[in-house]
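Colleague: predicted model, plus sequence, below.
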2 protein chains.
Amino acid sequence: MAAALSSCTVADDHCKCFEALTDKQRVLLEKKQVTLEFKKGEIIGKQGSFASHIIFLCEGLLKVYLEHGNEVLILKIISPGNLVGLSSLSESDDIFQYSTAAYHNSIVNLIDINTFRLLVRENGHFASKVINILSENSNQINNRFFCLTHRQSYGRLADLLLCLSKRVFKSAEFELDITRKELAELAGMSTENVIRILKKFQEEKLISMKGKRIELSNTTALHRICDLG
Amino acid sequence: MAAALSSCTVADDHCKCFEALTDKQRVLLEKKQVTLEFKKGEIIGKQGSFASHIIFLCEGLLKVYLEHGNEVLILKIISPGNLVGLSSLSESDDIFQYSTAAYHNSIVNLIDINTFRLLVRENGHFASKVINILSENSNQINNRFFCLTHRQSYGRLADLLLCLSKRVFKSAEFELDITRKELAELAGMSTENVIRILKKFQEEKLISMKGKRIELSNTTALHRICDLG
DNA sequence: CAGTAATATTGATATAGATCAATCTTTTTA
DNA sequence: TAAAAAGATTGATCTATATCAATATTACTG
């Protein structure tokens, strides 16, 4: 029972894997990457396109999502210090299975995927770290899967707010510079529903909002809403 | 658009990874595993318990699922030749993040997880194969995630039937020896709804059923139902 | 093989949340 | 800075699907 269900949408710090590289390997990897800036809304990797690189986020905020026709499913949010696209390491298909886009202006390192593959094969410790990251990723997405399929809208939105607060902004008060529509995609519901629930949360003094600024005033109650569904 | 959305619930053949081992390594691995039979319904690995082994399915059929309280989310079905529990390789937590149970009587190899870890670190090619498996797994679960959140019940059930036919039983006609409740869990809906939709499918001559035996008579139409949602 | 338990089926009802439509507000741009 | 576009909000309606309740069927057990 109890066990705080961690359905958080944000990936954990991944950069640790590079510690397993030798100095020489690290130099090689650094040579085989480029740093780029992406503007708000820009797509960094498009689902279905050729995956020539692994993405490392230096600054900003990204979303990783599936799209089919007009429908979108956000798999996770990427905050700085994390990697995207490890699942394209699989030699069998080097196609991005999902899209990656920037919520805000972001700075990104694009790491050559073949060099990455080489290092995995060359350095088992590095490979082992990569496996850790992939595993944590799966667990996180699985929990999000559970949350989106088994919790109802109030719970999902409460969960999302807590997650943003705890993991992305690391503060009970934060500037949420994304549209309601994007919030709705994150929580897996309609835009109108997000608005109505946020209003309800305000009325019940669980949060307070001015402009894009949100403050979580009663995290205990929000947690309870998560847990009850 | 087009692109047959592969939201299949069944894992692919995984056994390939062992090909990357040396003879000596393979012998070591074989020494560090035991073969066991599990009866229908038995739990092979319980979410939250200590993950001391990786599961390899020789014969039978398994389900991998999350549980919280009374709620269950089936992540995937495992057919023979596949591994379960790779995500527990992560050194940081050797706890099963999900449960694994047998649909039918099943024969399973339990492989010592530390030996597995050792081989990953020792043999980068093996590690690379393991990464492939983890990646394919993620992709598959992500697609199932999309399916369960974005398709409605008719589409989900059609998808499931096609998947069972194509991947598990490898035939348009098969004996589906699981309860309606379990079917419902797989398709992410209520038992009653499964029954009603199966009835509708029969009326429209898309499938025919006698007892536990199901035959898909019009897979084209079923595919169309999947795609339209 | 009778009796009980488990599962399947059918119908009626309730509801969360989507969708649609209209207005208001903010942001962008020319 | 005025006009247009994009986004936010509110209310009304609709519907897919869960839930509840009753009965039928199948499977199990002593």
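Modeller: Received the coordinates, thanks.

Colleague: break chain A into its domains for me.
Modeller: As assigned by automatic domain parsing, chain A contains the domains A:15-133, A:151-228.

Colleague: output the contacting helices and strands for the longest helix seen in chain A.
Modeller: Counting residues, the longest helix found in chain A (DSSP state H) is helix A:124-150. Using 3 or more CB pairs under 8 Å, 6 or more residues apart in numbering or on different chains; DSSP states H and E, the elements in contact with helix A:124-150 are strand A:71-78, helix A:113-122, helix A:153-163, strand B:62-68, strand B:71-78, helix B:113-122, helix B:124-150. From N, CA and C alone the C-beta is placed, and that goes for glycine too.

Colleague: most centrally placed residue in chain A?
Modeller: Nearest to the mean C-alpha position of chain A, counting by CA atoms, centre = their mean, stands A:I77 at 1.7 Å.

Colleague: so what pLDDT did that one get?
Modeller: Turning to A:I77, the model gives it a pLDDT of 95.

Colleague: where does the prediction get shaky in chain A?
Modeller: Applying pLDDT under 70 to chain A flags residues A:1-7, A:14.

Colleague: pretty sure A:C226 is in a helix, no?
Modeller: Yes - A:C226 forms part of a helix when assessed by DSSP: H, G, I helix; E, B strand; the rest coil.

Colleague: roughly how far apart are it and A:F146?
Modeller: Per CB to CB, to the nearest Å, A:C226 is found 12 Å from A:F146.

Colleague: A:V10 too?
Modeller: 16 Å.

Colleague: of those two, who's got more company?
Modeller: Per other CB atoms under 10 Å in any protein chain shown, whichever of A:V10 and A:F146 has more neighbours is A:F146, with 22 against 18.

Colleague: so that one sits against B:L73, correct?
Modeller: Yes - at 4.8 Å, A:F146 and B:L73 qualify as touching, with contact defined as CB atoms under 8 Å.

Colleague: pull up the overlap in contacts between these two.
Modeller: Counting by CB atoms under 8 Å, 6 or more residues apart in numbering or on different chains, the contacts common to A:F146 and B:L73 are B:L66.

Colleague: contact residues of chain A facing DNA strand C?
Modeller: Counting by CB under 7 Å from any atom of the strand, the residues of chain A close to DNA strand C are A:Q152, A:S153, A:Y154, A:G188, A:M189, A:S190, A:E192, A:N193, A:G211.

Colleague: what's the neighbour count on the fourth one?
Modeller: Just to be clear, that refers to A:G188. Neighbours around A:G188, by other CB under 10 Å: 21.

Colleague: again with the third one
Modeller: Residue crowding around A:Y154 was assessed by other CB under 10 Å; the count is 19.

Colleague: which ones are touching it?
Modeller: So A:Y154 contacts A:I197, A:K200, A:I225 (CB under 8 Å, 6+ apart).

Colleague: top of the residues you listed by number of neighbours, please.
Modeller: Tallying neighbours with other CB under 10 Å puts A:I225 at the head of these, with 24 neighbours.

Colleague: would you mind listing the residues in contact with the residue in chain A that chain B sits nearest to?
Modeller: Per CB to the nearest CB, A:A127 is where chain A lies closest to chain B, at 3.3 Å. Contact analysis of A:A127 by CB under 8 Å, 6+ apart lists A:V120, A:R121, B:V120, B:R121, B:G124, B:A127, B:S128, B:V130, B:I131.

Colleague: from A:G211, how far off is it?
Modeller: Going from A:A127 to A:G211 by CB to CB gives 47 Å.

Colleague: for DNA strand C, what's the nearest residue on chain A?
Modeller: A:Q152 (2.8 Å; CB to the nearest atom of the strand).

Colleague: surely that residue meets A:G229?
Modeller: Yes - applying CB under 8 Å, one finds A:Q152 in contact with A:G229, separated by 5.6 Å.

Colleague: looking at those two, which one has more neighbours?
Modeller: Neighbour comparison, A:Q152 and A:G229: the larger count goes to A:G229, with 15 against 11 (by other CB under 10 Å).

Colleague: skipping adjacent residues, who's closest to A:L162 in space?
Modeller: A:L222 (5.6 Å; CB to CB, 6 or more residues apart in numbering or on different chains).

Colleague: can I get stretch A:25-37 in CSV? Just the C-alpha atoms.
Modeller: Output of stretch A:25-37 as CSV, limited to C-alpha atoms (Å, rounded to 0.1, in the frame of the first residue of the first chain):
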residue,chain,number,x,y,z
GLN,A,25,37.6,7.6,-24.4
ARG,A,26,36.3,10.9,-23.0
VAL,A,27,38.4,12.9,-25.3
LEU,A,28,37.3,10.8,-28.3
LEU,A,29,33.6,11.4,-27.3
GLU,A,30,34.2,15.1,-26.9
LYS,A,31,35.6,15.3,-30.4
LYS,A,32,32.6,13.5,-31.8
GLN,A,33,30.0,15.9,-30.6
VAL,A,34,28.7,19.3,-31.4
THR,A,35,27.0,21.9,-29.3
LEU,A,36,23.8,23.5,-30.6
GLU,A,37,21.1,25.9,-29.4
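
Colleague: is it in proximity to chain B?
Modeller: No - for stretch A:25-37, no contact with chain B is found by CB under 8 Å from any CB of the partner chain; the gap never falls below 11.9 Å.

Colleague: give the buried residues for that stretch.
Modeller: Of the residues in stretch A:25-37, A:Q25, A:L28, A:L29, A:K32, A:Q33 count as buried by neighbour count, 16 or more other CB atoms under 10 Å in any protein chain shown.

Colleague: what's the answer for stretch A:170-179, then?
Modeller: A:F174, A:L176, A:I178.

Colleague: then stretch A:149-159?
Modeller: A:T149, A:H150, A:R151, A:S153, A:Y154, A:G155, A:R156, A:L157, A:A158, A:D159.

Colleague: thought the fourth one was touching A:I195?
Modeller: The one in question is A:S153. No - counting by CB under 8 Å, A:S153 stays clear of A:I195, with 11.5 Å between them.

Colleague: quickly find the element holding the residue sitting furthest away from the middle of chain A.
Modeller: Distance from the C-alpha centroid of chain A peaks at A:K24, with 30.6 Å (CA atoms, centre = their mean). Using DSSP states H and E, A:K24 falls within helix A:23-31.

Colleague: for that helix, packing partners?
Modeller: Helices and strands touching helix A:23-31, by 3+ CB pairs under 8 Å, 6+ apart, are helix A:113-122.

Colleague: counting contacts, what elements does the helix it packs on pack onto?
Modeller: Applying 3+ CB pairs under 8 Å, 6+ apart, one finds that helix A:113-122 makes contact with helix A:23-31, strand A:53-59, helix A:124-150, helix B:124-150.

Colleague: in a markdown table: these, plus distance to B:C17.
Modeller: Converted to a markdown table, the helices and strands packed on helix A:113-122 look like this (distance: least, CB to CB, whole Å):
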| stretch | distance to B:C17 |
| --- | --- |
| helix A:23-31 | 23 |
| strand A:53-59 | 21 |
| helix A:124-150 | 12 |
| helix B:124-150 | 4 |
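
Colleague: fine by me, thanks again.
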